[in-house]
Every structure is written in structure tokens, then in C-alpha cells.
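J.: From the sequence below, what's the structure:
(chains A and B)
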Amino acid sequence: MKKGHIIGLGIIAIAIVIIMTSIGDASSYENFNTAWEMKNDGEDKSIHVVGQLKKNQAGEVSGIEVGEDKVSFTFLLIDNEGTEQKVFYNEPVPADFQRSEQVVVIGSYREKEIFVADKILMKCPSKYQETDVQAAGM
Amino acid sequence: MINTFVGNLGHLMTIVAFVSALVTAYAYVQYFRANEIEKASWRRFSRISFYIHTASTVMIAFSLFEIIYNHRYEYFYAYSHSSKALPVHYMISSFWEGQEGAFILWAFWNVILGVILIQTNKFWEAPVMVVFALVQAFLISMIMGVVIDDLKIGSSPFILLRDATQAPIFQLNPDFVPEDGTGLNPLLQNIWMVIHPPTLFLGYASTLVPFAFLIGGLVTKKYSEWIRPALPWAIFSAMILGMGIIMGAYWAYVTLNFGGYWNWDPVENAVYVPWLILVASIHTMITFKKSATALKTTIVLVILSFILVLYATFLVRSGVLGDASVHSFTDLGLSGQLLIYMLFFLVIAVFLAARAWKHIPTSEKEASVYSREFWIFLGAVTLGLMAFQVILPTSIPAWNALVESFGGISNMAPPADQVAFYTRFQLWFAVAIALLTSVGQFFWWQKIDKKALKDALITPYIISVLISAAIIVLAKVYDWKYIIIVLASTFTIVANAVILLKILKKSTFKLAGGSLAHIGLGMMLIGIMFSSGYSDVISINMSGLTYSNSWEDEMNKEHVLLWINKPTQMKDYTVIYRGREKKVVGVNEYVPAKILESTGKVNEAIALADFKDHFKKGDVVKIVLEENDYFKIDYLQNETLKFSLSPMSQFNAGMGGLISSPDSKIYLNKDLYTYVAAMNDSEDPEWKEDETYEAAPGEQFYIADFVTYFDGAEVLKEVDGYQLQEGDIAVKAKLRILDYDVEKSIEPTFIIRNNQIGKLPVIDTELGIKVRLENILPEQNKFVFKVNQYQKDYVVMKAIVKPYINVLWIGTIIMLMGFTVAIFRRFDEFQKMRDKGLE
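T.: As a prediction, this is how the structure comes out:
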């Protein structure tokens, strides 16, 4: 066998390993029900859940509870299927958290009552869509 | 009044630029085909056409900057990206903050490069400029803003606010001009963000040059000659792109709160990948020049690097990344256009390469293990695999979009822990690269057989093992993975340093580019290993609170809550939060916010007290960006103040709330990185119910847990901000409130006029109290105070020690120097050949 072939085979082998791990380590988008099923099936992988913060009738975000030392908090997230879930995040409340239109939590269930987020991504209302130009200074 | 002239000018220039780009492409094709008689006139025409294009592109940029510079908020772009309070250098950031501005920047660099190429090339001018003009046509089309039926081509930065939004105000008054813009994203208000994007876009733009030479080579059937002129540009491109990436990383380190310089975010990956491929292509180009091998690999790599830049642009700017990235880029509806742009050049390049494939010279000879080609090829392969490993998961959102566009469902998400996922591979690839560079360099400079190789490597090997051992012991590197990294990196540094010395002894510095760049690489690896691998969060919460969830106790709480003035222990330091500060024009230190009161004008305040020699009470001072608050954190050791840090935070309602930036104490061997993650909102306090205290002068009592001394009262002759009349009585109570080591004087006033009582309360936002002198009881010699509490000021902060991060920055600089040396050498070679009339 020529060296070229050995190198070629080596490249292919590494590329396959890369593809396999990319698929294997890829997370997935779930809702809270499927996430809980996964947890029950013994899957501890971190998954993504997309949802919105719970709001009361007045349209204000409700259900945020900040820990006494202000370094962690819990909140209520409603996923796209409408399931409400308490989520714990081991960080202070991010600055524009309450304004976010959509929240992606990345993490897993600890117990049925609580989903622990390792990371939170927020989608905030883009200023491109802002249509209310301030009338001040007319 | 609405100024429509500039916008119309900009728009007109866009159309001129687009048309002239197409004309230039056509003219250069004609010039290329024309016979000897007509050639000169076609050349002149093509050049004039390109210069018109250049002038109009510059005018587009000028028009947009004029709109921002003169605060023309009738334009959507200025309204949404700028504001009056911005200093000029941040207006440059406003310029490219929007996608349209970014495209203009890119087009601008392209024309500059185009002009340089016209000036420096003879033979290659026509084919190269055809590619340039076509790229320009695509880029300018992104900002055309032409709508034909339902087809929208480009998004123009010159549209008026009234056309961009449906705000009701415009129905009442179409000529309404907002007083101020919504401002620039505070995170971008940083000097690195002024220069990072132009650098990055110059990097993007310059990948076009080697690609254009390649296409020229394929079309003119000069399958190998294109490499000489392309090589210095490829190195230039890698240097600038690398510099742009590192500037972005440094910006992230000093302004973003994720605690590092690299987060493996899709947006970062998208520029890292083309850079890797570009570096790989440089290496195969150099091999080809030396020994006529790896030409086909080079062609593939050059095409890839250009297409990957377009792919990166597509990923980042089409909105396809959506919620996969923390960088928010909005979809301007350009995704289709970007895709066509990318596919157009991909198809052309693949077609031309495929057509030429069997004519491309290859070397039949199998590369020996003891040849430099072999080792460099391995290096290029490793770089390619590195790129592949990163681009694959980064493309998951694009893959989902693709599946969904065919009606399928794909719920794949990028890896949950990106840093761990990518590091696991990239780390070992980087070690392999490090080893290959050291071995490869020896082959490079001398023909070597097995024995000679051994002799050449043995000394650097021993030296690097000794140095590594010292590093491992002194810096306590006990993790086997990190030990391997230290070994590999020191070996790279030592081996390349040996080569460097040999080169300097024998010939000139001009040849030292390679070994310099590789030394830089070794240092970067060590710096990354220490600063990331051994980064240490020292702000572990020790409050000892019990949590509602039992498992919460096991989690590390990596933030601490600091009440104002209260000392808190944090590893080797005692930290104290000392309150908010502002930056004042002409004052080289931060000024306590409590002695400044806004005048209502933008960035202007009245001083409520003297501040050192800088200003006196009552002076009007200019504030640098009034929205910025700096939180003073004192670091103490053994009860003496060591230093203070002032991490920043800005409340910007228009931009979505709070944004904060870290501050670092920089030592030679480490950085101490500190940022505030949350803070008290004292804007609109909810006061708790009244508390009443009675005290006699000279008495000590407690107000809301604070030790308070009532030093006595004083009858006033005049009161600040209040006109005293004949017969009025004004009394001031002098209270001293102690909060840890701070003593505050609080002096509420009480005024009697015609049996009416007026009370001037004192609010202390730091302590979160409001004190009023409620009544005076002369018969009991007592004063009655009414107090409301809110909340003491606080911050929640995080502090991280990053050891040896300076090694990374120094390594970067050395690597960039290496690139620069190489550019000069290769350009020199090209010039010599050109002047001989060979190219």
C-alpha cells in the first residue's frame, strides 16, 4: 500500500469520527413533555426547549423568583405546546430577561418540578421591528 | 426640514456603482479578448469604468456617513444606529452596525484592492478585474433597495424613516424628524469595535484576490503561474483576517460578559473556518513553488476559502442561525440574494476547475516521508480537518432550514456545551499542528535523511523538555492533557527559534516569516491553555444561605452579592462595592455619580460638590456617555487597598435594557477579570412605610440598622434652591449615619412660613433611605424624623483570574509579524518576476 492511501484512509477515518461525534453530541429541540420522557428513559443529555415567559393578564411577566442572595433564580416558561414549567437558572437574572419575546433554555430535568437550565438564549424584540417612533421633540 | 438630497445622492450612486460594475466586467472581458490593436483602447475604457465604479462606491460610503455625522434622523439608518450623544469615532461604528453599512464597507475595501491590483499587475489585470467587478455587482446589489413586483433586490440604507416604519406620527406630519436617534448598541461603544469590523472586512475582501488570480489562471490556462502573484495576497489576507478575528476576540474579552475571548459561537466559527483553510492554502502554495506538487489541493483550498467567506456571510446575515447564536442579526430578506451570490461563484469555480482538471500538472513522484512536501501536506490536511470539524456542527441550523424548506422536520440543535465540544477536537488538532510545524521547518531548510533529522531535532527536543519541565513544575500543570500541550508548544517554540537563529546567521530577516509565525503559534497555544484551562472563578458565593432545593447546595454559585460598603471575602481578597461613578470629559479618573446632577441636556451635569482639582461645586461638566455607570469595586488584601476596578454597565431603554462590560486588573502573569451581572434599580424606588424616630441633639440612635449621630441643628440664613422670605424660619438637622467605614452626613431641612411647614427631605440612594425632619418639639428638646427605606445599593458580580493571558496576546502579535515578513518577501518575488516581463 502506498503512503498516499494510508493518509487517505486516515483522513476518511478521522472525518467519520468527526461526523459521528457531531451527530452524537448534537443537542435537539424538544418540548417539556418530550424532555421529561427523555429524562425518564435515562437520557441525561442537555436539550433545547423554546418557549415564552409566563405573563399575567396585564401582560407583565410573572413567576420570577430571585434567590435571597440574588445569584440564582427560577421562572416559569411556557413551551410551544403550552406546557408550563418552572425553570431554575444558576446565574443572576440577565439584564433584558423580562423583555425577551422568546427564551431558549438549554439544560435538562433535575426532577419533575424543576428544569435546570445550564444556558439561556434570549430573543429580544429587534429594534428593526420597532414601529413606535417617539413623538417627543416635535 | 427633511433633507432628501443626501439620500437621493446615495441611492443614485448605488445604481451608478451597480451599472458601472457590470460595464467594467463586460469591458474587461472585451479587453481580454481584443486583438493587439484594440487592446489599448479597451484597457483604457475598462479602467475608466472601474474608476467610475470606485468613485461611486466611495460616494455611497460618504453619503451614508454624512447622514450619520449630521444627525439626519429623518433617515432610518441614522435613526436606528446613531444618536446625538455619540462621539465621532463611534459614528464609524454606527456606520457598519447595520448590515447595509457592512456591505458598503466590504465593497469599499474591494475597490481599494482593485485599484491596487490594476496598478501592480500587467498580464493579470483583465481576468482578475472581471472577477472583481462581478463580485462588486453582487455586493452593491445587496444595498440597491429596488423592488420589482414582489421581488426585492437589496436593502437600501438611504430610505427615510417615514418609509421604513408605519408610525402614526407620519400621518399627522410627514415632515416629522425625530429629535434623536435610538443610539448605538452600547456593546459596540468600544475602541476595538471601531477597528475590528473594518479589519475583518478587509480580510473578507482580500480573500477575493487569490481567488480572482486562480480564476484568471484557469481561464487563461496558466494553471500554475497564478500562484506567484496570488501568494503575497493570500498571506496578506490570512494576516488581516487573523488580526480581525483576534481583535474581535479581544473585544469580546474586554466588553462582553461571557468571561472569555472565544466562545465557539457560530458567528466566531464562521470566520475561523475560512481562516484555517486560507492558512492551509498558503502552505500548499509555498510547497508548490518549491517543488511543483500539491497544485490541485491548492486550487481546491483557494476556492474553498473564498466560498467559505461567502458561506460565513450567508450564515451570519441571513437569519438562518436564528436562536442558535447569541449574536443577533436580523433577516433583511437578503438570504436568497446571498445564496445566489455564493452559488454563482461556487458553480463558476467548480466548472472552471473541473474543465481544467486533467490539464493541471501533478507530480507523479510519491512524496517521501523525509521530504518537506510530505509534512506540509499533513499540516494542510490537519488544518482542513480542523475546519471540517467546526463547520459541520455550525451548519446545523442551516441544515434544519434546508430540511424544512423541503417540508421535512429536523429538530437538531447545536451541541449544548459548545466550548467542551469543540475544544475536545481542536485541542488535539492544534497539538498535531504544533508538532508538524517544528518538524516541517527542519525539512524546509535542509534536505534531510533519517539520521540528519535525528541530529537536528535532538537538541531542540532536550531544550524543550527541560523548559516544559520547568513550566509544569512552576505553574503546577498536573493535568496530562495540559502537560502534552505544554510539551508540544515549547517544542514548537524552541525548534522554530533554532531555525530562526540559523536563518538570521546565514541570510536575511526576510526569510524568517515562517519560523516567526510558528513561534507565535506555540505561544498562543500556551496562552490559551493557561488562560482557559486554568481560569479560576474566585467569586464563589459563601453567603451560607440554605436553598429551597437541596441539590442547589451542590451547585457552585459563581457570583457574589455585594452590598454597598460591606466588605466581603473572596479568596485572597476582600472586596467592597463603593458606589456608582461616571466618566467626565477632561477628568482622568471616575467621578462619583452622587455628586453629579443632570441638567436635562444630553451628557451634561451640575457638580453638587467639589471634586479634587478638577471642578468646583456648581460647575457644569460634560459627561462621557451619561448612560454609562461604572461600579467601583475596591480590592483589599490585609486590610490595605490594593486596587479598584470599575466595571461598566449601561441602561439603554431603546436597545433593550441593561448591558455591561467587565474591567480587568492586568498583571504581567495574569488578569483579574471582574464584571457586574446584576444591580440595584434605584430609578423608581418603592418606599416602605414610614418609620418615626425621636432624638435629642447629641444623641446616638439607629435609623434602619445604621448607627446615627444627631450632632445638632442649625438655623439657616439661606436654603439651596429655595427663596427665603422675611419671617421664615429654616432649620437644618445634622445627622451623621455610619455604614461600615463610611460616614455620611444627611441634613434634612424644616421651614416654617406663616404657620405652614415645609419639609425638604434628603434621599440617599446608596443607603436606600429617605429622611425628613418631621417636627421639632422644643419643650422636650427633641426632633422628630420620618424615615422611609427602600434597599441599599448593591451589585452582583463575578471575578475570574486568567493566568498568562498575556502570552496569548504576545503570541498573536509575533504570529502577525511573521505573516507580515512573509508578505514582503513574496511580494518582492512577484515584483522581480513581473519586472522581468515574465508575468
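J.: just for the chain, where's the confidence low?
T.: Since you didn't name a chain, this refers to chain A. A:1, A:124-138 (pLDDT under 70).
J.: Wait, chain B was what I had in mind.
T.: B:322-331, B:364-367, B:369, B:444-448, B:544-550, B:553-554, B:652-658, B:682-683, B:837-839.
J.: Can you say which helix or strand has A:Gly51 in it?
T.: strand A:47-53 (DSSP states H and E).
J.: Please identify the buried residues of that strand?
T.: Buried residues in strand A:47-53, counted by 16 or more other CB atoms under 10 Å in any protein chain shown: A:Ile47, A:His48, A:Val49, A:Val50, A:Gly51, A:Gln52, A:Leu53. C-beta here means a position set from N, CA and C on the backbone, and glycine is covered the same way.
J.: Report the entries of the residues you listed that also contact chain B.
T.: A:Ile47, A:His48, A:Val50 (CB under 8 Å from any CB of the partner chain).
J.: wait, what's in contact with the second one?
T.: By that I understand A:His48. A:Ser27, A:Ser28, A:Tyr29, A:Glu30, A:Val104, A:Val105, A:Ile106, B:Ala413, B:Ala416 (CB atoms under 8 Å, 6 or more residues apart in numbering or on different chains).
J.: which two in those residues are spaced the farthest apart?
T.: Across those, the longest distance by CB to CB is 13.3 Å; it joins A:Ser28 and A:Val105.
J.: These two: which is more packed in?
T.: A:Val105 (27 against 18; other CB atoms under 10 Å in any protein chain shown).
J.: What strand or helix carries the more buried one?
T.: A:Val105 belongs to strand A:102-111, assigned by DSSP H and E.
J.: Walk me through the domains of chain B.
T.: Chain B is divided into the following domains under automatic domain parsing: B:1-184, B:199-414, B:691-790.
J.: Which among those domains is found nearest to B:Tyr534?
T.: That would be domain B:199-414 among the domains of chain B, by CB to CB, at 12.5 Å.
J.: rewinding a little: can you list the domains of chain B in CSV and add distance to B:Thr568 and mean neighbour count?
T.: Shown next, in CSV, are these (distance: least, CB to CB, whole Å; neighbours: other CB atoms under 10 Å in any protein chain shown):
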stretch, distance to B:Thr568, mean neighbour count
domain B:1-184, 34, 20
domain B:199-414, 20, 20
domain B:691-790, 11, 15
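J.: hmm, back to that, name the helices or strands packed onto the helix or strand just after the strand holding A:Gly51?
T.: Counting by DSSP H and E, the next helix or strand C-terminal to strand A:47-53 is strand A:65-66. Strand A:65-66 sits against strand A:73-79, with contacts defined as 3 or more CB pairs under 8 Å, 6 or more residues apart in numbering or on different chains; DSSP states H and E.
J.: contacting residues around the strand it packs on?
T.: So strand A:73-79 is contacted by A:31-32, A:49-54, A:61-67, A:84-89, A:92-93, A:97, A:103, A:105, A:114-115 (CB under 8 Å, 6+ apart).
J.: Pull out the buried members of those.
T.: A:31-32, A:49-54, A:61, A:63, A:67, A:85, A:87-89, A:92-93, A:97, A:103, A:105, A:114-115.
J.: Next up, the contacts around the residue in the stretch 301-450 of chain B positioned nearest to chain A.
T.: Residue nearest to chain A within the stretch 301-450 of chain B: B:Ala416 (3.3 Å; CB to the nearest CB). For B:Ala416, the contacting residues are A:Ser27, A:Lys45, A:Ser46, A:Ile47, A:His48, A:Ile106, A:Gly107, A:Asp118, A:Lys119, by CB under 8 Å, 6+ apart.
J.: now B:Gly712
T.: B:Gly712 touches B:Pro697, B:Gly698, B:Ala733, B:Lys734, counting by CB under 8 Å, 6+ apart.
J.: surely the second one meets B:Asp711?
T.: Just to be clear, that refers to B:Gly698. Yes - with contact defined as CB atoms under 8 Å, B:Gly698 reaches B:Asp711; the gap is 7.3 Å.
J.: Between those two, which contacts overlap?
T.: In contact with both B:Gly698 and B:Asp711: no residue, using CB under 8 Å, 6+ apart.
J.: hang on, B:Tyr630 in a strand?
T.: Yes - checked against DSSP: H, G, I helix; E, B strand; the rest coil, B:Tyr630 lies within a strand.
J.: Could you say which one of the domains of chain B comes nearest to B:Trp809?
T.: Taking the domains of chain B one by one with CB to CB, domain B:199-414 is closest: 7.5 Å.
J.: Straight-line length of the closest one, end to end?
T.: End-to-end span of domain B:199-414 (CA to CA, to the nearest Å): 29 Å.
J.: Which strand or helix spans the residue of the stretch 101-250 of chain B at minimum distance from chain A?
T.: Using CB to the nearest CB, the closest approach of the stretch 101-250 of chain B to chain A is made by B:Glu179 at 2.8 Å. Using DSSP H and E, B:Glu179 sits within no helix or strand.
J.: So it is in contact with B:Tyr73, correct?
T.: Yes - judged on CB under 8 Å, B:Glu179 makes contact with B:Tyr73 at a distance of 7.5 Å.
J.: Find residues that contact each of these two.
T.: Counting by CB under 8 Å, 6+ apart, nothing touches both B:Glu179 and B:Tyr73.
J.: for the one helix or strand B:Val419 maps to, which positions count as buried?
T.: Per DSSP H and E: B:Val419 is located in helix B:418-445. For helix B:418-445, burial by neighbour count (16+ other CB under 10 Å) applies to B:418, B:421-423, B:425-445.
J.: Those also near chain A: which ones?
T.: B:Phe421, B:Phe425.
J.: returning to that earlier point: now the angle from the strand holding A:Gly51 to strand A:73-79?
T.: In terms of direction (axes from the mean of the first three to the mean of the last three CA atoms, to 10 degrees), strand A:47-53 departs from strand A:73-79 by 90 degrees.
J.: List the neighbouring strands of strand A:47-53 plus their orientation.
T.: Using DSSP bridges, strand A:47-53 pairs in its sheet with strand A:27-30 (parallel), strand A:73-79 (antiparallel), strand A:102-111 (antiparallel).
J.: For the longest one, which outside residues touch it?
T.: The reference is to strand A:102-111. A:27, A:35-36, A:39, A:44-53, A:77, A:87-89, A:97, A:115-123, B:323, B:413, B:416, B:549, B:551.
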